[in-house]
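*Asks:* model this:
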Amino acid sequence: MTHSSTSCYTIKNEKLVIDMKRNFVLLVTTLLLFTLCACSVPATMPQPSFTPDNTLQVSFIDVGQGDSELITLPDGKTILIDAGEAKTADALIRSIQSLGVGRLDYIIGTHPHADHIGGMAKVIDAFDVGAVYLPKVEHDSKTFENLLLAVKEKGLKINTAKAGVILLNEAGVRAEFLAPCADKYKDLNNYSAVLRLTYQDVSFLFMGDAEQESERQIIKQALEGALSANVIKLGHHGSSSSSSKAFLEAVSPSIAVISCGEGNSYGHPHAETLQTLDRLGITVYRTDESGTVTVSTDGTALQVQTQR
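*Replies:* This is a model prediction of the structure:
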């Protein structure tokens with residue numbers, strides 16, 4: 001399912017099932033009239049109130065076959081998760097600047113693959129940066145070396161992103177890492193720093209490229225209610241190696257965002273993942289189809305806007 005307009009979601013789950021036989025035409029008509037009357041009173045119901053000082057905004061930036069999410073908190077602080085590939089760095093910087101951002105208070109590199117940290121060295125050079133978080137894993141690549149050099153030249157230090165580390169907890173906003181849960185993995189994707197961000201009644205889950213091994217560990221370690229999220233950025237660009245049915249059921253999101261490149265050679269998102277999302281009734285937004293996807297919340301409701 002693709003979307004190209006602004007949508008609004010209220011954080012509420014209701015089901016109304018009406019099963020009637022043809023004989024009860026009069027009853028059906030009466031019920032319909034009653035429903036229409038009931039629906040004529042929405043003005044008295046609470047409506048979403050989005051103002052600059054109460055809105056948290058997440059932009060799932062279209063960086064092609066890669067990941068990058070910019071979070072702007074109600075107090076104006078910012079969090080950047082990943083920075084796409086090196087070839088899209090300049091466009092990413094322009095996108096961030098176009099949102100009026102001059103400082104990145106937190107930068108998170110989920111793991112050392114080039115489609116996640118390729119543009120990060122340039123981003124660090126271009127902005128005032130508060131803190132950098134990376135999982136405790138090294139990678140023998142020029143991309144990773146460039147990132148470490150940029151951090152050093154900026155006079156910054158690297159903070160470890162791992163399960164249990166709280167990024168921030170203030171003014172109704174809490175951001176905590178749920179993964180990596182272990183010190184060693186065979187697959188670099190499972191080192192992904194997974195962040196859960198909560199603003200009042202609304203939560204987001206950013207999965208990096210975490211795969212099913214990491215998902216199982218997250219489920220095992222999460223406290224009751226500490227894994228649910230209204231919006232999930234799917235792991236590994238919608239690959240079938242991530243986003244297991246058990247994990248999605250545990251998270252129970254209403255919206256899933258997939259960051260992937262148009263016509264990518266990996267076939268992302270995989271058909272199996274899309275089928276699982278469809279069976280679970282989760283609304284899907286894809287950057288390859290919709291461009292940058294922006295989700296805003298006042299802590300109660302969600303608004304979704306797509307670039308195209």
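
*Asks:* So what's the gap between stretch 172-192 and the chain middle?
*Replies:* Centroid displacement of stretch 172-192 relative to its chain, using C-alpha atoms, centre = their mean, to the nearest Å, is 15 Å.

*Asks:* Quick one: end-to-end distance for that stretch.
*Replies:* Length of stretch 172-192, first residue to last, C-alpha to C-alpha, to the nearest Å: 26 Å.

*Asks:* what do you get for stretch 154-163?
*Replies:* Counting by C-alpha to C-alpha, you get 27 Å between the two ends of stretch 154-163.

*Asks:* Go through it and flag the buried ones.
*Replies:* Using 16 or more other C-beta atoms under 10 Å as the test for burial, stretch 154-163 gives 158, 161, 162, 163. Where C-beta positions appear, they are placed from N, C-alpha and C, glycine not excepted.

*Asks:* What of stretch 276-286?
*Replies:* By neighbour count on 16+ other C-beta under 10 Å, the buried set for stretch 276-286 is 276, 277, 282, 283, 284, 285, 286.

*Asks:* Counting only strands, which of those make the cut?
*Replies:* Judged by DSSP state E, the buried residues of stretch 276-286 include 283, 284, 285, 286 as members of strands.

*Asks:* Closest one of those to residue 88?
*Replies:* Taking C-beta to C-beta as the measure, residue 88 lies nearest residue 286 of these, at 16.9 Å.

*Asks:* Pull the contacting residues for that closest one.
*Replies:* Residue 286 is in contact with 2, 238, 257, 258, 260, 269, counting by C-beta atoms under 8 Å, 6 or more residues apart in numbering.

*Asks:* Could you pull up the residues touching the fourth one?
*Replies:* Looking back up the chat, that one is residue 258. Contacts for residue 258 (C-beta under 8 Å, 6+ apart) come out as 234, 237, 238, 268, 269, 284, 285, 286, 287, 288.

*Asks:* if you set the cut-off to 6 Å instead, what comes out?
*Replies:* The contact partners of residue 258, taken as C-beta atoms under 6 Å, 6 or more residues apart in numbering, are 234, 238, 269, 286.

*Asks:* Neighbour-wise, give me the winner out of those.
*Replies:* Neighbour counts for the contacts of residue 258 peak at residue 234, which has 28 neighbours (criterion: other C-beta atoms under 10 Å).

*Asks:* That one and residue 256 touch, don't they?
*Replies:* Yes - the pair residue 234 / residue 256 is scored as a contact, 5.4 Å apart, by C-beta atoms under 6 Å.

*Asks:* quick one on the thing from earlier: just flag the most distant two among the ones in strands among the buried residues of stretch 276-286.
*Replies:* Maximum pairwise distance among those (C-beta to C-beta): 11.2 Å, between 283 and 286.

*Asks:* re the thing from before, now flag whichever of the buried residues of stretch 154-163 is closest to residue 50.
*Replies:* residue 161 (30.1 Å).

*Asks:* In space, what's closest to the closest one - neighbours in sequence excluded?
*Replies:* residue 193 (3.6 Å; C-beta to C-beta, 6 or more residues apart in numbering).

*Asks:* same deal with residue 303?
*Replies:* In space, and not counting its chain neighbours, residue 303 is closest to residue 296: 4.7 Å by C-beta to C-beta, 6+ apart.

*Asks:* Take the host helix or strand of that neighbour, keep the C-alpha atoms, and write them as PDB.
*Replies:* Assessed by DSSP states H and E, residue 296 sits inside strand 293-297. C-alpha atoms of strand 293-297 as PDB (Å, rounded to 0.1, in the frame of the first residue of the first chain):
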ATOM      1  CA  VAL A 293       8.300  10.000   4.700                       C
ATOM      2  CA  THR A 294       7.700  12.400   7.600                       C
ATOM      3  CA  VAL A 295       5.800  11.300  10.700                       C
ATOM      4  CA  SER A 296       4.700  13.900  13.300                       C
ATOM      5  CA  THR A 297       3.100  13.400  16.700                       C
END
